[in-house]
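Colleague: sequence unknown, structure follows:
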Ligand code: 6R9
């Protein structure tokens, strides 16, 4: 392996940074040697109704996994993200909203945020939502999405956001699983000049779930069906709602939100985060990873439907009293310069996006970037998937002009916040490396077969975490056993991330991608099992196996092997129909890139599909199929290769 180019931060950057190299080393050592002391002090950055006297009470013991942080502390998230800033920064902008239409912008100050959140909370009360109830949000990227989240926290309700790109079917299964008391949506979601019919999707979802009360924010004013007694218009409620609502006193371990995410098996899991530890971890990582300073303008391009939007558009930045930019649109509308135009317009200082967006934009060359003034930028961030060195270099040179440290942040829905990332004033960066653990995070590399920790500095294996950190998920909603089996069973005593990683000779970490049956399509996580179960739900499909394959833009694409029912002919029309079917069942992000007809699938004698072989065939890598002798019928492999070649 040739050693990567190393990019140290400039002396000027280091001088103003919160954390330099020496401080990182000192703080990191303390965070793992004395977690109680480190996190106990860190917790002082939050406002507590009752300060915690206990800090950490956690065990990864397979038989009784239990994670509690600050367990006797009491606080309220909306107080931390809104009220406590009013005295010092009430007139400072909290949220800059940039609409899909480039001519529409809104600035919401902390004072205005407070009014909106309090009113929204009173609307919930009015609709009968109580502490502990689940509220599903199916929303466009509008400030009301942030109000809806914070208002839940104010009254102690638990939000569960469903990404607006998910289908009615996917929405229905999440509404049912969380037994939601209320859905909050909008009439339509404008994106890239087109409107997604959110309310109509809710109507379809309710054909499956039965009537669930729905609050409808009038985003476009488009014509939607409003059902008497079930659907409630937002504006009318808002106008008459009082702007003061007492915050609920929450225990640090009370549930804050559920977010469904894909795993290697079964339906998506409801990842549950709680109040104190999550908020602290989101806030501290936001400040240090982006080297956020008071007055900076910070922009994360994610959607609030993903964990990145939760932690790094809403909770982390607002807990820190930051100005956070919320963008409704897409990077290519009205043209491919949109990101850069927004950076110039709002003088963005920290910019956080995904490799898939960078790859899509770099295809258009430097010119669309050079049209705009990028001089406000100080730190660039990357998240969601491994960033290839070409995209990293382009991001560094064309966008950052070689002067902005790039923080490649590795983390997961389950981890609540950044787990490994360079800190911009402390570490030199290497294109494609997640570099160093964040404070309190103890990564270990395990040998996949023995499950033993590898001690050598330079190594490769599966990435596990040795001990708990405050932002860790606490359970799978309604299914603690599934939580234990998914994350603590394969490697006893550790949290298993599902990712592989390499540690280089300097001790820096490189994420190599998933080692399970999860694929990453444009930074979106998807279980191959979900796509398979959508396919076999089609009347003409007997069996399906789905794998990821390398895709130049999306990182990974979706490759499906499909066996049809006896006597059903393999036709191009049916192929198109199945592509459309999966799209409808799950949503556009799950649209298959390839469907290959498979008269048979390679299976072991015990009937297990050998995906390793299917992955190789999808990659056109027929030379490295490995041992096929354990297959029940080795002949199916030749058939699949023939089919692949003849496509
Ligand atoms: C935050 C988020 C988590 C999975 C994770 C890994 C991949 C995320 C990455 C990265 C390499 C990075 N991933 N960040 N891989 N480098 N900087 O994306 O959460 O949607 O739960 O996905 O994404 O495979 O396990 P989530």
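Modeller: Noted; the coordinates are in hand. Computed from a prediction, not measured in an experiment: that's the story for all the values here.

Colleague: Can whichever strand or helix holds residue 256 be said to contact the ligand?
Modeller: Secondary structure assigned from DSSP states H and E places residue 256 in strand 255-261. Yes - counting by Cβ under 6 Å from any ligand atom, the ligand has neighbours in strand 255-261: residue 261. From N, CA and C alone the C-beta is placed, and that goes for glycine too.

Colleague: And that strand, what does it pack against?
Modeller: Other helices and strands packing on strand 255-261, by 3 or more Cβ pairs under 8 Å, 6 or more residues apart in numbering; DSSP states H and E, are helix 143-155, strand 158-161, helix 168-178, strand 269-274.

Colleague: Chain neighbours aside, what residue packs nearest to residue 303?
Modeller: residue 309 (5.2 Å; Cβ to Cβ, 6 or more residues apart in numbering).

Colleague: what about the one you found, how many neighbours?
Modeller: Residues within reach of residue 309, counting by other Cβ atoms under 10 Å, total 23.

Colleague: Please work out the average pLDDT along the helix or strand containing it.
Modeller: Secondary structure assigned from DSSP H and E places residue 309 in helix 307-309. The predicted model assigns helix 307-309 a mean pLDDT of 98.

Colleague: Check stretch 395-411 too.
Modeller: For stretch 395-411, mean pLDDT rounds to 98.

Colleague: Briefly note if that stretch comes near the ligand.
Modeller: Yes - residues of stretch 395-411 contacting the ligand under Cβ under 6 Å from any ligand atom: 408-411.

Colleague: Can you give me the end-to-end span of that stretch?
Modeller: This stretch, stretch 395-411, spans 20 Å end to end (Cα to Cα, to the nearest Å).

Colleague: which bits of the stretch 501-647 of the chain sit near the ligand?
Modeller: So the stretch 501-647 of the chain meets the ligand at 511, 514, 520, 525 (Cβ under 6 Å from any ligand atom).

Colleague: For the first one, give me the pLDDT.
Modeller: On the pLDDT scale, residue 511 is placed at 95.

Colleague: other SSEs contacting the helix or strand containing it?
Modeller: Assigned by DSSP H and E, residue 511 belongs to strand 509-514. On a contact count with 3+ Cβ pairs under 8 Å, 6+ apart, strand 509-514 meets strand 459-465, strand 495-503.

Colleague: run the last query once more with 10 Å
Modeller: If contacts are counted by 3 or more Cβ pairs under 10 Å, 6 or more residues apart in numbering; DSSP states H and E, strand 509-514 sits against strand 459-465, strand 495-503, strand 518-521, strand 555-564.

Colleague: Now do the phi/psi pair for whichever residue of the stretch 351-500 of the chain sits closest to the ligand.
Modeller: Nearest to the ligand, among the residues of the stretch 351-500 of the chain, is residue 413, at 3.4 Å (Cβ to the nearest ligand atom). Backbone torsions of residue 413, given as degrees, to the nearest 10, read phi -50, psi -40.

Colleague: Distance-wise, check it relative to residue 52.
Modeller: Between residue 413 and residue 52 the computed distance is 25 Å (Cβ to Cβ, to the nearest Å).

Colleague: now swap in residue 424 and tell me
Modeller: Residue 424 is 30 Å from residue 52, by Cβ to Cβ.

Colleague: Enumerate the residues of this structure near the ligand.
Modeller: By Cβ under 6 Å from any ligand atom, the residues of the chain that approach the ligand are 261, 306-308, 382-386, 408-413, 434, 497-499, 511, 514, 520, 525.

Colleague: Would you write a PyMOL line that selects the buried entries of the residues you listed?
Modeller: Buried residues within these, by 16 or more other Cβ atoms under 10 Å, are selected in PyMOL with:
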select buried, resi 261+306+307+308+382+383+384+385+386+408+409+410+411+412+413+434+497+498+499+511+514+520+525
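
Colleague: Count the residues that sit near residue 27.
Modeller: Residue 27 has 17 neighbours, counted by other Cβ under 10 Å.

Colleague: The one 4 residues further on now?
Modeller: By the criterion of other Cβ under 10 Å, residue 31 has 20 neighbours.

Colleague: tell me the SS of it?
Modeller: Under DSSP: H, G, I helix; E, B strand; the rest coil, residue 31 falls in the helix class.

Colleague: Next, the angle from the strand holding residue 511 to strand 495-503.
Modeller: 120 degrees (axes from the mean of the first three to the mean of the last three Cα atoms, to 10 degrees).

Colleague: now strand 509-514, how far from the centre of its chain.
Modeller: In this view, strand 509-514 has its centroid 17 Å away from the chain centroid, taken as Cα atoms, centre = their mean, to the nearest Å.

Colleague: now do stretch 258-273
Modeller: Computed by Cα atoms, centre = their mean, the chain-centroid distance of stretch 258-273 equals 12 Å.

Colleague: What's the end-to-end length of it?
Modeller: Terminal residues of stretch 258-273 are spaced 6 Å apart (Cα to Cα).

Colleague: Need the distance between the two termini of stretch 329-336.
Modeller: 12 Å.

Colleague: buried residues in that stretch?
Modeller: Using 16+ other Cβ under 10 Å as the test for burial, stretch 329-336 gives 329-333, 336.

Colleague: Provide a list of residues in contact with residue 32.
Modeller: Contacts for residue 32 (Cβ atoms under 10 Å, 6 or more residues apart in numbering) come out as 38, 437, 439-442, 466-467.

Colleague: Brilliant, that's me finished.
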